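*Asks:* Prediction below, plus the sequence it came from.
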Amino acid sequence: MSKKNIAIAMGGYSSEFEISLKSGNVVAESLDKNKYNIYHYHILKNNWKCVLPNGEHVLIDKSTFGFTFGNETIIPHVVFNTIHGTPGEDGYLAAYLEILNIPQTSTGFYQAALSFNKRDCLSVLKNFGVHCATSFYINKGDAIDPEIIIAKVGLPCFVKPNRAGSSFGISKINTTEALLPAIENAFKEDTEIIIESALVGTEVSIGVYESPEGLNVLNPTEIVSENEFFDYEAKYLGKSQEITPARISASETKNVKNEALKIYKILNMKGVTRSEFIIQNGIPYFIETNTTPGLSKESIIPKQTADAGISLQDFFGMLIENALAKK
């Protein structure tokens, strides 16, 4: 059987591009070289290029998502999407690849776009009975009355860019005076903002994925941040403990697993997702879902697959084979 060409798409146009490069490199290191020809595709604002093992790079032909090197033209059979943020996590890459009829490992373009837009995703899920924090929405240019906002969401609260990841632009505030500076900070990442009441409880993150046997839910990871919340430092610079499985009761574990599975089904996801919850008084409150979760050595999904006894080689290979089968 001939080896399949796998393009690992990494980088992206957002503040998360360096984290994405780490995720992509972990996937490349982990995949079975006897089954796949592996190509590092750097999707960056200024160019799209394939980085070759010798450090050279060749530009990607956007009409085919392939490239030519010497006398050989390579077209990927599957794209392994590890781009956090735009254009990999917000649906643009998925839509482009669908037009080219190239399968990819993440969810479809509509599901990616919906889940990347926190406000829209929350609005949909609330109608299905999913518990969420009280929220207030602002667009750039709107008149802002801090008293009205705080009256709705209370203090403390979180100010977040609507479409960003890795906690860029997020602030937790404890006073009304801190609201406007936090909003300005969030506007650096996005023109839309979501302000949410701060839930009090245990924060957990939980992966769901599709295998040939059906849908699977990984054991939740408990997030214990040294900082005020699970911010960039806590996620990537060691300022947190990530405990798998989470130190929650059996009933809380069952509840949050069921909720993560329910959300995956409601949103009609594919591939692997990671959803965040805060368990308050035994009830899991949904925060957000990620359709291209981090896969670097510091990331949660690799820790959860290890807890489940699944090697990264097997896990990533399964995502590729699933994408091929769906084609």
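*Replies:* Sure, I can see it.
*Asks:* List the buried residues of the longest helix seen in the chain.
*Replies:* Taking DSSP state H as the criterion, the chain has its longest helix at helix 250-266. Within helix 250-266, the residues scored as buried using 16 or more other C-beta atoms under 10 Å are 252-253, 255-257, 259-264. To be clear about C-beta, it is placed using only N, CA and C from the backbone, and glycine gets the same treatment.
*Asks:* ok, the nearest residue to S211 once chain neighbours are set aside to S311 distance?
*Replies:* The shortest distance from S211 to any residue that is not its chain neighbour, by C-beta to C-beta, 6 or more residues apart in numbering, is 5.8 Å, and that residue is M318. Shown here: M318 relative to S311, a distance of 10 Å by C-beta to C-beta, to the nearest Å.
*Asks:* what's the helix or strand harbouring I99 packed up against?
*Replies:* When elements are defined using DSSP states H and E, I99 is found to belong to helix 92-100. Where contact means 3 or more C-beta pairs under 8 Å, 6 or more residues apart in numbering; DSSP states H and E, helix 92-100 is packed against strand 78-81, helix 109-116.
*Asks:* How about the contacts made by the residue positioned nearest the centre of the chain?
*Replies:* Averaging the C-alpha coordinates of the chain gives a centre point, and the residue nearest to it by C-alpha atoms, centre = their mean is N290 (3.0 Å). N290 makes contacts with 84, 89, 115, 165, 273-276, as judged by C-beta atoms under 8 Å, 6 or more residues apart in numbering.
*Asks:* Can you show me the helices along the chain?
*Replies:* According to DSSP H, the helices that the chain contains are 17-30, 92-100, 109-116, 118-126, 146-153, 179-187, 232-236, 250-266, 300-307, 312-326.
*Asks:* out of these, nearest to F136?
*Replies:* Comparing those by their distance to F136 (C-beta to C-beta), the top pick is helix 146-153, with 5.1 Å.
*Asks:* Kindly calculate the angle that that closest one makes with helix 179-187.
*Replies:* Between the axis of helix 146-153 and that of helix 179-187 there is an angle of 80 degrees, by axes from the mean of the first three to the mean of the last three C-alpha atoms, to 10 degrees.
*Asks:* Convert helix 146-153 to PDB, retaining C-alpha atoms only.
*Replies:* Backbone C-alpha positions of helix 146-153 (Å, rounded to 0.1, in the frame of the first residue of the first chain) are rendered in PDB as follows:
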ATOM      1  CA  PRO A 146     -20.100  50.300  33.000                       C
ATOM      2  CA  GLU A 147     -22.900  50.600  35.600                       C
ATOM      3  CA  ILE A 148     -25.400  48.800  33.300                       C
ATOM      4  CA  ILE A 149     -22.900  46.000  32.400                       C
ATOM      5  CA  ILE A 150     -21.900  45.400  36.000                       C
ATOM      6  CA  ALA A 151     -25.600  45.400  37.100                       C
ATOM      7  CA  LYS A 152     -26.100  42.500  34.700                       C
ATOM      8  CA  VAL A 153     -23.000  40.300  35.100                       C
END
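*Asks:* what's it in contact with?
*Replies:* When contacts are defined by C-beta under 8 Å, 6+ apart, helix 146-153 is touched by residues 133-136, 138, 157, 176, 179-180, 195-197.
*Asks:* The residues you listed into a markdown table, with extra columns for neighbour count?
*Replies:* Compiled in a markdown table, those are given as follows (neighbours: other C-beta atoms under 10 Å):
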| residue | neighbour count |
| --- | --- |
| A133 | 20 |
| T134 | 12 |
| S135 | 19 |
| F136 | 17 |
| I138 | 19 |
| C157 | 25 |
| T176 | 13 |
| L179 | 22 |
| L180 | 13 |
| I195 | 24 |
| E196 | 20 |
| S197 | 19 |
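*Asks:* hang on, the earlier thing: now do the buried residues in the helix holding I99.
*Replies:* Residues 92-94, 96-97 are the ones in helix 92-100 that count as buried (16+ other C-beta under 10 Å).
*Asks:* repeat for stretch 263-282
*Replies:* Taking 16+ other C-beta under 10 Å as the neighbour-count basis, stretch 263-282 is seen to contain the buried residues 263-264, 267, 269-279.
*Asks:* How far does that stretch stretch from one end to the other?
*Replies:* Start and end residues of stretch 263-282 are separated by 18 Å (C-alpha to C-alpha, to the nearest Å).
*Asks:* Please apply the same query to stretch 103-113.
*Replies:* Span of stretch 103-113 from end to end, C-alpha to C-alpha: 17 Å.
*Asks:* going forward can the numbers begin at 619, since that is how I track them
*Replies:* From this message on, residue numbering opens at 619, which makes the last subject stretch 721-731.
*Asks:* Give me the buried stretch members for it, please.
*Replies:* Buried residues in stretch 721-731, counted by 16+ other C-beta under 10 Å: 721-727, 729-731.
*Asks:* same thing with stretch 836-845?
*Replies:* Applying a neighbour-count criterion of 16+ other C-beta under 10 Å, one finds 836-841, 843 buried in stretch 836-845.
*Asks:* rewinding a little: tell me the one of the buried residues of helix 710-718 nearest S858?
*Replies:* Relative to S858, the closest of these is L711; by C-beta to C-beta it sits at 29.3 Å.
*Asks:* I'd say the closest one and A627 touch.
*Replies:* Yes: at 6.5 Å, L711 and A627 qualify as touching, with contact defined as C-beta atoms under 8 Å.
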